[in-house]
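S.K.: predicted model, plus sequence, below.
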Amino acid sequence: MLEKTPLDRVLFLDIETVPQTYQFPDLEETTRKLFEAKTRFMQNDEKSFEELYNDRGGIYAEFGKIICISVGFVHETRTGNEIRMKSFYHDDEETLLKQFVNLLENNPKYAILCGHNAKEFDFPYICRRLLINGMKLPSVLDIAGKKPWEISHLDTLELWKFGDYKAFTSLALLCHVFQIPTPKDDISGADVARVYYEEQDLERIKVYCEKDVVALIQLFLRMRGNSLIDEASIHFSNQ
């Protein structure tokens, strides 16, 4: 049924997150104790709470924050499809979330959201951080009370599972097996917190995030049986 999905209504996205503080001892005392409580069954002689925080602090919405949301759109032109990219990135999470919500509210045509492992991570993480920042959920993310067929979210990881829930398949692996060319990155997801806190290089993180969205779109196209979009037809916004 993917071939019936209107490409011009899909908003492809990816987020980058970091722990709220770079070092575990820098957390406010109550927050630190609550993190220990949340991860107590993971802690052992080989894995301290500080190491757990370094590994997982950024992936828990209660202890992390979003520093970048990159989105991509597929547009049909006279010469074929093209990808248009836009990113929201800022040290102040509330600022970038407001910009992202503004995009959704001013462009209701993008009624379908798509990401890789997004139903498990990106979508709920965004919703939780919106609420923590005292912001209302945009309608496309406000799924409480909706029936499954009323939720217009797509996830390439879920699409690839075909009902099999035994394993996680990374975006990088799927791009490899589908022979989707991806540029060599100078950082990986494990480097994001270090680049953010030590190098303070949000621009570098934004570029990394945008590459994942381009790869996501190309994967989605291959799953639909479409041709890949040429690199010359990928356009990036300065903002």
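M.R.: Received, thanks.
S.K.: which helices and strands sit right next to the lengthiest helix in the chain?
M.R.: When the chain is parsed with DSSP state H, its longest helix is helix 202-224. Using 3 or more CB pairs under 8 Å, 6 or more residues apart in numbering; DSSP states H and E, the elements in contact with helix 202-224 are strand 10-19, strand 64-77, strand 80-89, strand 112-115, helix 156-161, helix 171-177, helix 192-197. All C-beta spots, glycine's among them, are computed from the backbone N, C-alpha and C.
S.K.: what pairs with the first one, and is each one parallel or antiparallel?
M.R.: What that stands for is strand 10-19. strand 64-77 (antiparallel), strand 112-115 (parallel) (DSSP bridges).
S.K.: tell me which of those sits nearest to N106.
M.R.: strand 64-77 (12.9 Å; CB to CB).
S.K.: the residue of the chain most remote from its centre and N54: what is the separation?
M.R.: Distance from the C-alpha centroid of the chain peaks at D45, with 32.5 Å (CA atoms, centre = their mean). D45 is 17 Å from N54, where distance means CB to CB, to the nearest Å.
S.K.: burial count for R32?
M.R.: When neighbours are defined as other CB atoms under 10 Å, R32 has 18 of them.
S.K.: just confirm it is within a helix.
M.R.: Yes: when DSSP: H, G, I helix; E, B strand; the rest coil is applied, R32 is found to be in a helix.
S.K.: got the contact list for it?
M.R.: F24, P25 (CB atoms under 8 Å, 6 or more residues apart in numbering).
S.K.: just to revisit the earlier point, what angle sits between the longest helix of the chain and strand 10-19?
M.R.: Taking axes from the mean of the first three to the mean of the last three CA atoms, to 10 degrees, one finds that helix 202-224 is oriented at 140 degrees with respect to strand 10-19.
S.K.: elements contacting the helix or strand just after helix 202-224?
M.R.: For helix 202-224, the succeeding helix or strand toward the C-terminus, using DSSP states H and E, is strand 234-236. Helices and strands touching strand 234-236, by 3+ CB pairs under 8 Å, 6+ apart, are strand 80-89.
S.K.: what's next to stretch 116-136, contact-wise?
M.R.: So stretch 116-136 is contacted by 13-15, 17, 59, 61-62, 64-66, 69, 93-94, 97-98, 100-101, 113, 115, 137, 141, 153, 155-158, 168, 171, 174, 212, 216, 219 (CB under 8 Å, 6+ apart).
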